[in-house]
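Chemist: sequence first, predicted coordinates after that:
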Amino acid sequence: MLITAIVNNRGNTLVVELPHNRMDLETKMYSIGDELSQEVHITDSPDLEIRAKLSADSEIGLHLINLFNDKHALKDVNDVCQTVINAPDEVKEAIESDILNDQYSTPDELIEDVKKQTYEAGQYMETFYFPLTGMLEDEEYYDEYEVGNPFLMDYKWDISELVEKEQNADLGDMKDYFYDDDNAQAKMVTARWGIAEKNGKLYGKVDIKLREPFTAEEKEKVRDWVSGQNSDGFGEGLEQRPIETEDGDLYVSMWGADNYFIYDENEMNEYLSQQQSGGMKL
């Protein structure tokens, strides 16, 4: 554990070590009040009824504490601790050195640097693409209907932000949820879902950074895993998160398209070429 938080809610005190699983943290917070981790700000001011004070026994923890002020909530502290703990071995030593040398001025700066260094640590890249669909829920008329690509393109940045937010620090790296082949998993540095615009159309994608390339057999196992995550794992959770629009709540699916596919880079380029020449239709 990196940091200890002492949380006080109107005289009720909780001591919790961070990082902590998000749901477990919420359960602990319920013991001294309602769901608090989003609200509890980092301060030891006795004037506030709800507050959290941070302490640490390690040098890393002490330097991390310096990144936070009363504008930050307990959730922010937990996210940073999760990010540091979950950093791949290739970058962990460098990240810890930068923390000890006070190279970061904000929590967000540290998190972004971990993402950047992790991405750069993989020498190889494997990307898979797949269609997106969107359902719009009209609250006024209690109706739901599918929207086309032009509507999705209008909310491209909102969709991208939602996909990124869903892969929060508590979830860890998605590669940690691949269990089908130990050798393939060992090659992965990071796996991140995202959004790609290709020929004016919006697609979902997974970028997998690798220490060495997959074998053909490993690649097919990973492709199957991506399919499963899109339908029953990461994607299932994502499609339950609404995006507010002027026309109602938009729900994005990575699974429900007709003629569904999961293509690698070469297959996607061939598909797009055929689309342009009037070949395959999605």
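Modeler: Structure received. Numbers count the residues shown, from 1 in each chain.

Chemist: doesn't residue 26 make contact with residue 16?
Modeler: No - Residue 16 is beyond contact range of residue 26, at 10.9 Å (criterion: Cβ atoms under 8 Å). C-beta coordinates here come from the backbone N, C-alpha and C atoms, glycine included.

Chemist: element containing residue 185?
Modeler: Per DSSP states H and E: residue 185 is located in helix 182-187.

Chemist: return the set of buried residues in that helix.
Modeler: Neighbour counts using 16 or more other Cβ atoms under 10 Å place 184-185, 187 of helix 182-187 among the buried residues.

Chemist: with stretch 32-51 instead?
Modeler: Those would be 32-33, 36-37, 40-43, 50-51, for stretch 32-51 by 16+ other Cβ under 10 Å.

Chemist: re the thing from before, any idea which of the buried residues of helix 182-187 is closest to residue 121?
Modeler: When the buried residues of helix 182-187 are compared for distance to residue 121 (Cβ to Cβ), residue 187 wins out at 12.2 Å.

Chemist: enumerate every residue touching the closest one.
Modeler: 210-214, 218 (Cβ atoms under 8 Å, 6 or more residues apart in numbering).

Chemist: helices and strands of this structure: which one has the lowest mean pLDDT?
Modeler: helix 22-30 (a mean of 84; mean pLDDT, DSSP states H and E).

Chemist: report all helices and strands that that helix contacts.
Modeler: strand 12-18, helix 74-86 (3 or more Cβ pairs under 8 Å, 6 or more residues apart in numbering; DSSP states H and E).

Chemist: sketch out the helices for this protein, chain order is fine.
Modeler: All helices of the chain, identified by DSSP state H, fall at 22-30, 59-65, 74-86, 89-100, 107-121, 149-154, 156-166, 182-187, 216-232, 234-238, 265-276.

Chemist: which of the ones you listed sits most buried?
Modeler: Ranked by mean neighbour count, these are led by helix 74-86 with a mean of 22 (mean count of other Cβ atoms under 10 Å).

Chemist: and the angle from it to helix 107-121?
Modeler: Interaxial angle of helix 74-86 relative to helix 107-121 (axes from the mean of the first three to the mean of the last three Cα atoms, to 10 degrees): 20 degrees.
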